[in-house]
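Colleague: fold the following and give me the result.
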Amino acid sequence: QAQLVESGGGLVQPGASMRLSCAVSGFPLDYYSIGWFRQAPGKEREGVACIRNSDGPAYYADSVKGRFAISGDNAKNTVYLQMSSLKLEDTAVYYCAVSSFLQAAAGCASYDFGSWGPGTQVTVSS
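Modeller: Below you'll find the predicted structure:
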């Protein structure tokens with residue numbers, strides 16, 4: 001049974017940086033697709049960044065390209081989301097998720113991911 005736990009969320013000002021972590025247990029990251037998703041109040045969940053095999057090709061939503069970076073540490077079985085130049089519209093609950101479908105990272109669609117963490121709140125406010 002896969003378990004995922006996000007950490008690192010909180011309150012920051014616009015322009016700040018923040019790193020989210022997702023500790024994964026139950027399976028090795030290097031055989032799965034891993035993704036970060038977010039959901040703001042009143043909006044649908046969207047794929048932010050996804051990566052294959054924890055160090056393979058990555059997908060980024062247009063809204064975060066150049067500002068966010070996804071990476072994985074196989075030794076720690078942990079996935080990170082480094083967020084820079086945060087904007088007010090980045091405010092959301094952020095979730096990490098895993099898929100055994102390696103191609104899931106290419107589309108970064110939530111319906112391709114079956115194991116989810118409980119989420120961590122990120123609030124960007126002045």
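Colleague: what segments of the chain are helices?
Modeller: Using DSSP state H, the helices of the chain run over residues 104-107.
Colleague: mind giving me the packing neighbours of the helix or strand of the chain with the lowest mean pLDDT?
Modeller: Least confident helix or strand of the chain, by mean pLDDT, DSSP states H and E, is helix 104-107 with a mean of 87. On a contact count with 3 or more CB pairs under 8 Å, 6 or more residues apart in numbering; DSSP states H and E, helix 104-107 meets strand 33-39, strand 46-52, strand 58-60. Where you see a C-beta, it was placed from the backbone N, CA and C, and this is true even at glycine.
Colleague: winner for burial among the ones you listed?
Modeller: strand 33-39 (a mean of 25; mean count of other CB atoms under 10 Å).
Colleague: direction included, what does that strand pair against?
Modeller: Looking at strand 33-39 with DSSP bridges, its partner strands are strand 46-52 (antiparallel), strand 92-99 (antiparallel).
Colleague: how about Gly72, what does it touch?
Modeller: Gly72 makes contact with Leu29, Asp30, Ile34, Ile51, Ser54, Asp55, Thr78, Val79, Tyr80, according to CB atoms under 8 Å, 6 or more residues apart in numbering.
Colleague: identify the residue nearest the fifth one in space, chain neighbours excluded?
Modeller: Excluding the flanking residues, the one nearest Ser54 by CB to CB, 6 or more residues apart in numbering is Gly72, at 2.8 Å.
Colleague: and if you look at Val122?
Modeller: Spatial nearest neighbour of Val122, chain neighbours left out: Gly9 (4.7 Å); criterion: CB to CB, 6+ apart.
Colleague: next: Gly114.
Modeller: Nearest non-adjacent residue to Gly114, counting by CB to CB, 6+ apart: Ser99, 6.2 Å away.
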